[in-house]
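Participant: task: produce atomic coordinates for the following.
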Amino acid sequence: MIDSPTRHQDNKVSIERLGDFAERIDVRSPAEFAEDHVPGAESHPVLDDGERARIGTMHANESAFAARRAGAAVVARNIASMLEASFAQKPRDWAPLVYCWRGGQRSRSLVHVLNEIGWRAAQLDGGYRAYRRRIVERLVELPGRYRYLVVCGLTGSGKSRLIGALAEEGAQALDLEAMARHRGSLLGDLPDRPQPTQKSFDSQLIEALERLDPSCPVYIESESRKIGTVQLPDALLDAMRAAECIRVVLPRPLRVALLKDEYAHFFDDCEALSGRLERLVPIHGKQAIARWTDAARAGDWDTLVSELLETHYDPMYRRSIDRNFPRIADAIDVEPSAITGGAFRALACELDARVRERVTA
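Facilitator: Alright, predicted model coming up:
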């Protein structure tokens, strides 16, 4: 090791300087990292989940000294493995930002070793806890900066497809359902794609908001307070509900076709679908649910989807939209010519041109 005891005593940086560091290292345990992490961070735990639990138990049952002594040995071994593998090819001018839960011993240990080698590592002051505090503050302040255009429409009208097409055509679009990995309905979870934690969703949302230009409108889909298990911040909901609306109009046969396309995974798992439909018994009664379940098992998807729209989704959506989006009465109406990607891209171009004309008029 380089003998320079005073060389790197002041290497902590505040959360405000996060953007100065392209490379970020999270030394917390894998479970902590999975719950949420600073965007762009790589996981290099100095203690894995089992080691962290064992050292914590030692701290509680034996002594702080015994825990620090045992923990130091484990941390040293893990840092050595990083140097021999993950960090072996890092250039001489490598300057990562390192953080742990609150800017304590876990991150300080790695920063010390990296700097003694000759790299220019820094420690995030306050660690992930400071980052999370900043996210919470930004969730209150940032959503109100933008002018939103809320894309409304009955279930299956292609709202999400229009949001995606607008983004592809260069318009500003905030795809909340993509971030939440959920379509926002009883059947909306995506196969093999679990939802993020609330903290992870919040981080994604702030990262997306910070990329937006306040001088241009932001297209966003009408949503309720919760999308699956994650919740939208109050400031964003308030801004959305005060915003202008765009209404996507699509005939029911095309809506049925679109929904069959997007929910095709249920065709091969009728029992999973039946389990979801059981949750509607208190609303529609056992007889209706039995009829819909029989239709699914018989492969009569057109009947099932059409009845669900007419009986459940359309009335529920109309009540929700009337209650939460008061400017729907003055909405811009748009109608896709088909449910293909090309049709929605053409509609996106037409819509964005109309919006720009209104802004400049």
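Participant: residue 243 against residue 150, yeah?
Facilitator: Yes: between residue 243 and residue 150 there is a contact under CB atoms under 8 Å: 4.9 Å. The way it works is simple: take the backbone N, C-alpha and C, and place the C-beta from them, glycine included.
Participant: what's the overlap in contacts for the two?
Facilitator: 220, 325 (CB atoms under 8 Å, 6 or more residues apart in numbering).
Participant: where does this protein have its least confident helix or strand?
Facilitator: Lowest by mean pLDDT, DSSP states H and E among the helices and strands of the chain is helix 270-277, with a mean of 87.
Participant: CA atoms of that helix as CSV?
Facilitator: What follows is helix 270-277 as a C-alpha-only set of coordinates in CSV (Å, rounded to 0.1, in the frame of the first residue of the first chain):
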residue,chain,number,x,y,z
CYS,A,270,-57.0,-20.1,-17.9
GLU,A,271,-56.6,-21.0,-14.2
ALA,A,272,-54.6,-17.9,-13.6
LEU,A,273,-57.3,-15.8,-15.4
SER,A,274,-60.0,-17.5,-13.4
GLY,A,275,-58.3,-16.7,-10.2
ARG,A,276,-58.2,-13.0,-11.1
LEU,A,277,-61.8,-13.0,-12.2
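Participant: now find how far off-centre whichever helix or strand comes after it is within its chain.
Facilitator: Downstream of helix 270-277, the next assigned helix or strand under DSSP states H and E is helix 281-297. Here helix 281-297 is found 33 Å from its chain centre; the criterion is CA atoms, centre = their mean, to the nearest Å.
Participant: tell me which residues are up against helix 281-297.
Facilitator: Applying CB under 8 Å, 6+ apart, the set of residues contacting helix 281-297 from outside is 266, 270, 273-274, 277-278, 280, 301, 303-304, 307-308, 311-312.
Participant: hmm, try it at 7 Å
Facilitator: For helix 281-297, contacts defined as CB atoms under 7 Å, 6 or more residues apart in numbering pick out 270, 273-274, 277-278, 280, 303-304, 307-308, 311-312.
Participant: any chance of those residues in JSON lines, plus neighbour count and distance to residue 262?
Facilitator: Output for the contacts of helix 281-297, formatted as JSON lines (neighbours: other CB atoms under 10 Å; distance: CB to CB, whole Å):
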{"residue": "270", "neighbour count": "15", "distance to residue 262": "17"}
{"residue": "273", "neighbour count": "20", "distance to residue 262": "14"}
{"residue": "274", "neighbour count": "17", "distance to residue 262": "19"}
{"residue": "277", "neighbour count": "21", "distance to residue 262": "17"}
{"residue": "278", "neighbour count": "12", "distance to residue 262": "22"}
{"residue": "280", "neighbour count": "16", "distance to residue 262": "19"}
{"residue": "303", "neighbour count": "15", "distance to residue 262": "18"}
{"residue": "304", "neighbour count": "24", "distance to residue 262": "14"}
{"residue": "307", "neighbour count": "16", "distance to residue 262": "18"}
{"residue": "308", "neighbour count": "24", "distance to residue 262": "13"}
{"residue": "311", "neighbour count": "15", "distance to residue 262": "19"}
{"residue": "312", "neighbour count": "19", "distance to residue 262": "17"}
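Participant: from these, which is closest to residue 21?
Facilitator: Checking the contacts of helix 281-297 against residue 21 by CB to CB gives residue 273 as the nearest, at 46.8 Å.
Participant: let me see the contact set for that closest one.
Facilitator: Neighbour list for residue 273: 266, 296 [criterion: CB under 7 Å, 6+ apart].
Participant: now with 8 Å?
Facilitator: Neighbour list for residue 273: 187, 266, 293, 296 [criterion: CB under 8 Å, 6+ apart].
Participant: residue 311 too?
Facilitator: 284, 288.
Participant: how close does it get to residue 280?
Facilitator: Going from residue 311 to residue 280 by CB to CB, to the nearest Å gives 9 Å.
Participant: leaving out the residues flanking it, which one is nearest to residue 67?
Facilitator: Nearest residue to residue 67, sequence neighbours excluded (CB to CB, 6 or more residues apart in numbering): residue 59, at 3.7 Å.
Participant: just how off-centre is the host helix or strand of the one you found within its chain?
Facilitator: Residue 59 is part of helix 49-61 when elements are defined by DSSP H and E. The chain centre lies 31 Å from the centre of helix 49-61; the measure is CA atoms, centre = their mean.
Participant: what does stretch 160-177 give?
Facilitator: In terms of CA atoms, centre = their mean, the centre of stretch 160-177 is set 15 Å apart from its chain centre.
Participant: what distance separates the start and the end of that stretch?
Facilitator: When the termini of stretch 160-177 are compared using CA to CA, to the nearest Å, they are 8 Å apart.
Participant: circling back: and the two most separated of the contacts of residue 273?
Facilitator: Of all pairs drawn from the contacts of residue 273, the greatest distance, 13.4 Å, lies between 187 and 293 (CB to CB).
Participant: dihedrals phi and psi, residue 42?
Facilitator: Backbone torsions for residue 42, taken as degrees, to the nearest 10, come to phi -100, psi 140.
Participant: now residue 107
Facilitator: Torsion angles at residue 107 (phi, psi; degrees, to the nearest 10) stand at phi -70, psi -40.
Participant: which ones are touching it?
Facilitator: By CB under 8 Å, 6+ apart, the contact set of residue 107 is 27, 98-100, 123-124, 127.
Participant: how near is it to residue 65?
Facilitator: Relative to residue 65, residue 107 is positioned 21 Å away (criterion: CB to CB).
Participant: buried residues in stretch 335-345, which are they?
Facilitator: With burial defined by 16 or more other CB atoms under 10 Å, the residues of stretch 335-345 counted as buried are 336, 339, 343-345.
Participant: mind giving me a markdown table with those and columns for pLDDT?
Facilitator: Converted to a markdown table, these look like this (pLDDT from 0 to 100):
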| residue | pLDDT |
| --- | --- |
| 336 | 97 |
| 339 | 97 |
| 343 | 97 |
| 344 | 97 |
| 345 | 97 |
